[in-house]
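Q: Sequence and computational prediction follow.
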Amino acid sequence: MNAIFQNNHQLRNAVVRRQIRNPTVMSTVRWLCQVDSSNDFRAARIIATIPPTQTSNAVWKRRSFSSVSESEVNKFSEFSKTWWDPRHNPLIGMNAVRVQYIVDELRSTTESNQQNDDNNNTNTTNNHSNHHDRYVPPLTGLSALDVGCGGGLLSESLARLGATVTAVDPSIQLVQQAKTHAQLDPKTTSIDYRGGYTVEQLAQEHQNHQLSSSFEGYDVICLLEVVEHVTDVHSVLSSVRSLLKPNTGRLFVSTMNRTVKSNLLAIVGAEYIMGYLPPGTHDWNQFRSPAEIQQLMDEAGLEQVNVNGMVLTKPPLCGQWDWKLDPSDVDVNWIGTYKVKLEDRPQQS
(Lines give C-alpha, C1' and ligand atoms only; values in the text may rest on other atoms or scores of the structure.)
Protein backbone atom coordinates (compact mmCIF):
# COMPACT_ATOMS: atom_id res chain seq x y z
CA MET A 1 0.00 0.00 0.00
CA ASN A 2 2.89 2.34 0.65
CA ALA A 3 3.78 2.22 -3.04
CA ILE A 4 0.31 3.45 -3.94
CA PHE A 5 0.58 6.55 -1.78
CA GLN A 6 4.01 7.77 -2.80
CA ASN A 7 3.31 11.46 -2.29
CA ASN A 8 0.75 13.86 -0.90
CA HIS A 9 -0.82 14.55 -4.29
CA GLN A 10 -1.58 10.88 -4.90
CA LEU A 11 -2.89 10.53 -1.37
CA ARG A 12 -5.25 13.44 -1.81
CA ASN A 13 -6.53 12.01 -5.09
CA ALA A 14 -7.07 8.67 -3.40
CA VAL A 15 -9.15 10.37 -0.73
CA VAL A 16 -11.29 11.97 -3.42
CA ARG A 17 -11.73 8.68 -5.28
CA ARG A 18 -12.87 7.01 -2.08
CA GLN A 19 -15.26 9.94 -1.54
CA ILE A 20 -14.39 10.37 2.10
CA ARG A 21 -16.63 12.93 3.79
CA ASN A 22 -15.86 12.32 7.46
CA PRO A 23 -14.33 15.67 8.57
CA THR A 24 -12.31 14.19 11.42
CA VAL A 25 -10.70 11.63 9.15
CA MET A 26 -10.05 14.21 6.46
CA SER A 27 -8.39 16.66 8.85
CA THR A 28 -6.20 13.86 10.16
CA VAL A 29 -5.16 12.85 6.67
CA ARG A 30 -4.38 16.43 5.73
CA TRP A 31 -2.34 16.96 8.89
CA LEU A 32 -0.35 13.81 8.26
CA CYS A 33 0.41 14.95 4.73
CA GLN A 34 1.54 18.38 5.84
CA VAL A 35 3.73 17.22 8.71
CA ASP A 36 5.69 14.49 6.98
CA SER A 37 5.27 12.73 3.67
CA SER A 38 6.54 9.56 5.35
CA ASN A 39 3.16 9.40 7.05
CA ASP A 40 1.47 8.57 3.74
CA PHE A 41 1.38 4.89 4.63
CA ARG A 42 -0.17 5.62 8.01
CA ALA A 43 -2.76 7.90 6.37
CA ALA A 44 -3.52 5.22 3.81
CA ARG A 45 -4.24 2.76 6.59
CA ILE A 46 -6.65 5.27 8.14
CA ILE A 47 -8.53 5.51 4.84
CA ALA A 48 -8.60 1.74 4.47
CA THR A 49 -10.25 1.33 7.87
CA ILE A 50 -13.21 3.63 7.18
CA PRO A 51 -16.44 1.60 7.13
CA PRO A 52 -18.32 1.53 3.80
CA THR A 53 -21.29 3.23 5.44
CA GLN A 54 -19.23 6.40 5.79
CA THR A 55 -18.30 6.53 2.14
CA SER A 56 -21.32 5.20 0.29
CA ASN A 57 -23.29 8.46 0.50
CA ALA A 58 -20.32 10.81 0.11
CA VAL A 59 -20.70 13.95 -1.95
CA TRP A 60 -17.06 14.40 -2.88
CA LYS A 61 -17.17 13.14 -6.42
CA ARG A 62 -14.57 13.63 -9.13
CA ARG A 63 -16.78 16.31 -10.65
CA SER A 64 -16.24 18.40 -7.53
CA PHE A 65 -12.75 19.29 -8.69
CA SER A 66 -13.56 20.01 -12.34
CA SER A 67 -12.89 23.75 -11.97
CA VAL A 68 -9.69 23.47 -9.95
CA SER A 69 -6.31 23.97 -11.59
CA GLU A 70 -3.67 22.24 -9.49
CA SER A 71 -0.98 24.58 -10.81
CA GLU A 72 -3.04 27.60 -9.74
CA VAL A 73 -3.62 26.12 -6.28
CA ASN A 74 0.09 25.45 -5.86
CA LYS A 75 0.98 28.92 -7.12
CA PHE A 76 -1.30 30.74 -4.69
CA SER A 77 -0.41 28.45 -1.81
CA GLU A 78 3.05 30.01 -2.05
CA PHE A 79 1.48 33.34 -1.08
CA SER A 80 0.26 32.07 2.29
CA LYS A 81 3.10 33.61 4.32
CA THR A 82 2.80 37.04 2.68
CA TRP A 83 -0.97 37.15 2.14
CA TRP A 84 -1.49 39.92 4.69
CA ASP A 85 1.50 41.99 3.55
CA PRO A 86 0.29 44.95 1.44
CA ARG A 87 3.65 45.09 -0.33
CA HIS A 88 2.96 41.67 -1.84
CA ASN A 89 -0.84 41.56 -2.08
CA PRO A 90 -2.55 44.33 -4.11
CA LEU A 91 -5.93 42.92 -3.06
CA ILE A 92 -5.43 44.47 0.39
CA GLY A 93 -5.58 47.94 -1.15
CA MET A 94 -8.52 46.95 -3.35
CA ASN A 95 -10.51 45.34 -0.56
CA ALA A 96 -12.05 48.53 0.85
CA VAL A 97 -13.57 49.62 -2.46
CA ARG A 98 -14.83 46.08 -3.18
CA VAL A 99 -16.50 45.84 0.20
CA GLN A 100 -18.09 49.29 -0.11
CA TYR A 101 -19.47 48.29 -3.51
CA ILE A 102 -20.99 45.12 -2.02
CA VAL A 103 -22.58 47.00 0.89
CA ASP A 104 -24.01 49.69 -1.39
CA GLU A 105 -25.47 47.11 -3.78
CA LEU A 106 -27.07 45.16 -0.94
CA ARG A 107 -28.49 48.35 0.51
CA SER A 108 -29.96 49.17 -2.90
CA THR A 109 -31.51 45.69 -3.02
CA THR A 110 -33.06 46.19 0.40
CA GLU A 111 -34.51 49.56 -0.50
CA SER A 112 -35.97 48.12 -3.71
CA ASN A 113 -37.59 45.24 -1.82
CA GLN A 114 -39.07 47.62 0.74
CA GLN A 115 -40.60 49.74 -2.00
CA ASN A 116 -42.25 46.63 -3.43
CA ASP A 117 -43.54 45.53 -0.06
CA ASP A 118 -44.41 48.22 2.47
CA ASN A 119 -44.73 45.57 5.17
CA ASN A 120 -41.12 44.44 4.81
CA ASN A 121 -39.74 46.35 7.79
CA THR A 122 -37.60 43.63 9.35
CA ASN A 123 -34.85 43.18 6.73
CA THR A 124 -31.65 43.10 8.73
CA THR A 125 -29.54 44.79 6.06
CA ASN A 126 -31.12 48.10 7.13
CA ASN A 127 -31.38 47.58 10.87
CA HIS A 128 -29.32 50.67 11.59
CA SER A 129 -32.19 52.87 10.33
CA ASN A 130 -34.50 51.44 13.00
CA HIS A 131 -32.01 51.62 15.87
CA HIS A 132 -30.78 55.19 16.28
CA ASP A 133 -29.32 54.51 19.69
CA ARG A 134 -26.72 51.96 18.55
CA TYR A 135 -24.79 50.92 15.49
CA VAL A 136 -25.89 47.75 13.73
CA PRO A 137 -23.45 46.40 11.13
CA PRO A 138 -25.02 46.59 7.65
CA LEU A 139 -24.76 42.87 6.89
CA THR A 140 -26.22 41.70 10.20
CA GLY A 141 -28.46 38.67 9.71
CA LEU A 142 -27.19 37.84 6.24
CA SER A 143 -25.41 34.63 5.23
CA ALA A 144 -22.38 35.06 2.98
CA LEU A 145 -20.24 32.63 1.00
CA ASP A 146 -16.72 33.64 -0.01
CA VAL A 147 -15.59 31.40 -2.89
CA GLY A 148 -11.83 31.28 -3.35
CA CYS A 149 -11.33 33.01 0.00
CA GLY A 150 -7.55 32.71 -0.03
CA GLY A 151 -6.08 34.01 3.22
CA GLY A 152 -9.40 35.44 4.40
CA LEU A 153 -9.15 39.09 3.38
CA LEU A 154 -12.73 39.51 2.17
CA SER A 155 -14.13 36.92 4.58
CA GLU A 156 -12.97 38.92 7.59
CA SER A 157 -14.48 42.14 6.21
CA LEU A 158 -17.85 40.48 5.67
CA ALA A 159 -17.78 39.02 9.18
CA ARG A 160 -16.94 42.38 10.76
CA LEU A 161 -19.92 43.86 8.92
CA GLY A 162 -22.21 41.35 10.61
CA ALA A 163 -22.56 38.53 8.08
CA THR A 164 -22.42 34.85 8.96
CA VAL A 165 -19.58 33.77 6.70
CA THR A 166 -18.68 30.46 5.07
CA ALA A 167 -15.40 30.53 3.14
CA VAL A 168 -14.00 27.87 0.80
CA ASP A 169 -10.73 27.55 -1.07
CA PRO A 170 -8.94 24.59 -2.69
CA SER A 171 -5.67 25.66 -1.05
CA ILE A 172 -5.24 24.11 2.39
CA GLN A 173 -2.22 26.30 3.12
CA LEU A 174 -4.03 29.56 2.40
CA VAL A 175 -7.03 28.60 4.49
CA GLN A 176 -4.78 27.62 7.38
CA GLN A 177 -3.30 31.11 7.19
CA ALA A 178 -6.83 32.53 7.12
CA LYS A 179 -7.81 30.56 10.22
CA THR A 180 -4.72 31.74 12.07
CA HIS A 181 -5.29 35.38 11.15
CA ALA A 182 -8.99 35.20 12.07
CA GLN A 183 -8.06 34.42 15.66
CA LEU A 184 -6.65 37.94 16.04
CA ASP A 185 -10.12 39.51 16.09
CA PRO A 186 -13.10 38.21 18.11
CA LYS A 187 -15.41 39.34 15.30
CA THR A 188 -13.81 36.95 12.80
CA THR A 189 -13.28 33.79 14.85
CA SER A 190 -16.67 32.36 13.85
CA ILE A 191 -15.91 32.23 10.10
CA ASP A 192 -16.52 28.73 8.77
CA TYR A 193 -13.33 28.12 6.78
CA ARG A 194 -13.03 25.03 4.59
CA GLY A 195 -9.62 24.37 3.06
CA GLY A 196 -9.06 21.90 0.23
CA TYR A 197 -12.70 22.52 -0.62
CA THR A 198 -14.54 23.75 -3.72
CA VAL A 199 -17.84 25.47 -4.37
CA GLU A 200 -18.90 22.41 -6.37
CA GLN A 201 -18.46 20.26 -3.27
CA LEU A 202 -20.51 22.68 -1.21
CA ALA A 203 -23.28 22.69 -3.82
CA GLN A 204 -23.37 18.89 -3.87
CA GLU A 205 -23.45 18.78 -0.09
CA HIS A 206 -26.51 21.03 0.06
CA GLN A 207 -28.16 19.20 -2.82
CA ASN A 208 -27.80 15.87 -1.02
CA HIS A 209 -29.34 17.32 2.14
CA GLN A 210 -31.95 19.64 0.66
CA LEU A 211 -34.89 17.46 1.69
CA SER A 212 -33.88 17.46 5.35
CA SER A 213 -32.49 20.99 5.54
CA SER A 214 -34.06 24.41 5.92
CA PHE A 215 -31.26 25.99 3.89
CA GLU A 216 -32.76 28.42 1.35
CA GLY A 217 -29.54 29.74 -0.10
CA TYR A 218 -26.93 32.36 0.70
CA ASP A 219 -27.89 36.01 0.75
CA VAL A 220 -24.46 36.96 -0.55
CA ILE A 221 -21.96 34.99 -2.63
CA CYS A 222 -18.62 36.52 -3.55
CA LEU A 223 -16.51 35.29 -6.45
CA LEU A 224 -13.79 37.93 -6.39
CA GLU A 225 -10.62 37.52 -8.46
CA VAL A 226 -11.46 33.85 -9.02
CA VAL A 227 -12.85 33.26 -12.52
CA GLU A 228 -9.49 34.02 -14.14
CA HIS A 229 -7.89 31.20 -12.15
CA VAL A 230 -10.33 28.31 -12.68
CA THR A 231 -10.49 25.81 -15.53
CA ASP A 232 -14.28 25.57 -15.80
CA VAL A 233 -16.21 28.79 -15.19
CA HIS A 234 -19.47 27.07 -16.19
CA SER A 235 -19.08 24.55 -13.38
CA VAL A 236 -18.40 27.28 -10.83
CA LEU A 237 -21.34 29.45 -11.87
CA SER A 238 -23.70 26.48 -12.00
CA SER A 239 -22.79 25.60 -8.44
CA VAL A 240 -23.02 29.20 -7.30
CA ARG A 241 -26.47 29.50 -8.89
CA SER A 242 -27.72 26.50 -6.88
CA LEU A 243 -26.45 28.07 -3.65
CA LEU A 244 -27.77 31.61 -4.16
CA LYS A 245 -31.04 32.63 -2.51
CA PRO A 246 -33.49 32.89 -5.44
CA ASN A 247 -35.36 36.13 -4.79
CA THR A 248 -33.06 38.42 -2.85
CA GLY A 249 -29.63 36.79 -3.10
CA ARG A 250 -26.81 38.62 -4.83
CA LEU A 251 -23.69 37.28 -6.49
CA PHE A 252 -20.63 39.53 -6.73
CA VAL A 253 -17.94 38.84 -9.31
CA SER A 254 -14.72 40.75 -9.91
CA THR A 255 -12.01 39.98 -12.43
CA MET A 256 -9.91 41.66 -15.12
CA ASN A 257 -10.94 42.57 -18.65
CA ARG A 258 -9.01 41.10 -21.55
CA THR A 259 -7.73 44.28 -23.17
CA VAL A 260 -4.40 45.66 -24.33
CA LYS A 261 -4.52 48.03 -21.38
CA SER A 262 -4.93 45.20 -18.87
CA ASN A 263 -2.03 43.32 -20.44
CA LEU A 264 0.25 46.33 -20.15
CA LEU A 265 -0.77 47.32 -16.63
CA ALA A 266 -1.65 44.09 -14.84
CA ILE A 267 0.91 41.76 -16.37
CA VAL A 268 3.78 43.63 -18.03
CA GLY A 269 3.79 46.47 -15.51
CA ALA A 270 2.76 44.81 -12.23
CA GLU A 271 4.53 41.47 -12.71
CA TYR A 272 7.54 42.03 -14.96
CA ILE A 273 8.53 45.68 -14.50
CA MET A 274 7.52 46.71 -10.98
CA GLY A 275 7.56 43.21 -9.48
CA TYR A 276 4.44 43.74 -7.37
CA LEU A 277 3.46 40.14 -8.18
CA PRO A 278 5.55 37.13 -9.25
CA PRO A 279 5.74 36.72 -13.05
CA GLY A 280 3.10 34.27 -14.21
CA THR A 281 0.57 35.17 -11.50
CA HIS A 282 -2.00 35.96 -14.19
CA ASP A 283 -2.77 34.58 -17.64
CA TRP A 284 -4.11 37.36 -19.88
CA ASN A 285 -6.03 34.79 -21.94
CA GLN A 286 -8.09 33.95 -18.84
CA PHE A 287 -9.30 37.52 -18.32
CA ARG A 288 -13.00 38.11 -19.05
CA SER A 289 -14.94 41.13 -20.22
CA PRO A 290 -18.26 42.09 -18.58
CA ALA A 291 -20.03 41.00 -21.76
CA GLU A 292 -18.40 37.57 -21.68
CA ILE A 293 -19.29 37.08 -18.04
CA GLN A 294 -22.84 38.22 -18.73
CA GLN A 295 -23.17 35.52 -21.39
CA LEU A 296 -21.87 32.89 -18.99
CA MET A 297 -24.29 34.14 -16.33
CA ASP A 298 -27.18 33.88 -18.77
CA GLU A 299 -26.29 30.25 -19.46
CA ALA A 300 -26.21 29.57 -15.72
CA GLY A 301 -29.61 31.13 -15.04
CA LEU A 302 -28.29 34.43 -13.68
CA GLU A 303 -28.68 38.01 -14.86
CA GLN A 304 -26.64 41.17 -14.50
CA VAL A 305 -27.72 43.90 -12.10
CA ASN A 306 -24.78 46.28 -12.20
CA VAL A 307 -21.18 46.55 -13.42
CA ASN A 308 -18.55 49.00 -12.22
CA GLY A 309 -14.91 49.56 -13.01
CA MET A 310 -12.17 49.72 -10.39
CA VAL A 311 -9.28 52.05 -11.18
CA LEU A 312 -6.15 53.26 -9.42
CA THR A 313 -6.23 56.93 -8.47
CA LYS A 314 -2.42 57.13 -8.63
CA PRO A 315 0.52 54.86 -9.42
CA PRO A 316 1.13 52.40 -6.58
CA LEU A 317 4.28 53.19 -4.62
CA CYS A 318 5.78 51.20 -1.74
CA GLY A 319 2.78 48.93 -1.54
CA GLN A 320 0.23 51.76 -1.41
CA TRP A 321 -2.73 50.94 -3.65
CA ASP A 322 -5.50 53.54 -3.80
CA TRP A 323 -8.58 52.38 -5.72
CA LYS A 324 -11.90 53.96 -6.63
CA LEU A 325 -15.02 52.89 -8.52
CA ASP A 326 -15.50 54.23 -12.05
CA PRO A 327 -18.50 52.93 -14.05
CA SER A 328 -17.03 54.40 -17.24
CA ASP A 329 -13.75 52.47 -17.08
CA VAL A 330 -13.89 48.66 -17.07
CA ASP A 331 -10.77 48.26 -19.19
CA VAL A 332 -8.73 46.55 -16.47
CA ASN A 333 -10.35 45.68 -13.14
CA TRP A 334 -14.11 45.52 -12.80
CA ILE A 335 -16.78 44.21 -10.41
CA GLY A 336 -20.38 43.23 -11.06
CA THR A 337 -23.60 42.24 -9.30
CA TYR A 338 -25.82 39.37 -10.44
CA LYS A 339 -29.05 37.68 -9.36
CA VAL A 340 -31.15 34.67 -10.26
CA LYS A 341 -33.21 35.21 -13.40
CA LEU A 342 -36.81 36.12 -12.78
CA GLU A 343 -38.16 33.15 -14.73
CA ASP A 344 -36.01 30.78 -12.64
CA ARG A 345 -37.26 32.03 -9.28
CA PRO A 346 -39.87 30.07 -7.32
CA GLN A 347 -43.34 31.57 -7.33
CA GLN A 348 -44.27 33.19 -4.05
CA SER A 349 -47.65 32.35 -2.63
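A: Right, received. Where do you want to start? Numbering: from 1, shown residues only.

Q: looking at it, residue 200 is touching residue 236, isn't it?
A: Yes. Between residue 200 and residue 236 a contact is recorded at 7.4 Å, counting by C-beta atoms under 8 Å. Just so you know, the C-beta spots here come from the backbone N, C-alpha and C atoms, and that holds for glycine as well.

Q: between these two, what contacts are shared?
A: With contacts taken as C-beta atoms under 8 Å, 6 or more residues apart in numbering, residue 200 and residue 236 have residue 67 as neighbours in common.

Q: Might you list the low-confidence residue ranges for the protein?
A: Scanning the chain for pLDDT under 70 picks out the ranges 1-66, 114-133, 210-212, 317-319, 344-349.

Q: residues contacting the residue nearest the centre of it?
A: Centroid-nearest residue in the chain: residue 147, 1.5 Å away (criterion: C-alpha atoms, centre = their mean). Residue 147 makes contact with 168, 199, 221-223, 226, 236, 240, according to C-beta under 8 Å, 6+ apart.

Q: Now with 6 Å, please.
A: Under the criterion of C-beta atoms under 6 Å, 6 or more residues apart in numbering, the neighbours of residue 147 are 199, 223.

Q: List the beta-bridge partners for it.
A: Here residue 147 sits in beta bridges with residue 168, as judged by DSSP bridges.

Q: next one: residue 309
A: Applying DSSP bridges to residue 309 gives these bridge partners: residue 326, residue 334.

Q: Correct me if wrong: it contacts residue 330.
A: Yes. Applying C-beta atoms under 6 Å as the test, residue 309 and residue 330 come out as touching, 4.1 Å apart.

Q: tell me which element residue 206 falls in.
A: Assigned by DSSP states H and E, residue 206 belongs to helix 199-208.

Q: Point out the other helices and strands that that helix packs with.
A: helix 233-243 (3 or more C-beta pairs under 6 Å, 6 or more residues apart in numbering; DSSP states H and E).

Q: quick one: residue 301 and residue 218, what's the gap?
A: For residue 301, the distance to residue 218 (C-beta to C-beta, to the nearest Å) stands at 16 Å.

Q: Same question for residue 297.
A: The spacing between residue 297 and residue 218, counted by C-beta to C-beta, is 17 Å.

Q: Name the residue in the two with the higher neighbour count.
A: Neighbours were counted for residue 297 and for residue 218 using other C-beta atoms under 10 Å; residue 218 has more, 25 against 22.

Q: So in terms of bridging, what pairs with that one?
A: Assessed by DSSP bridges, residue 218 has beta-bridge partners residue 244.
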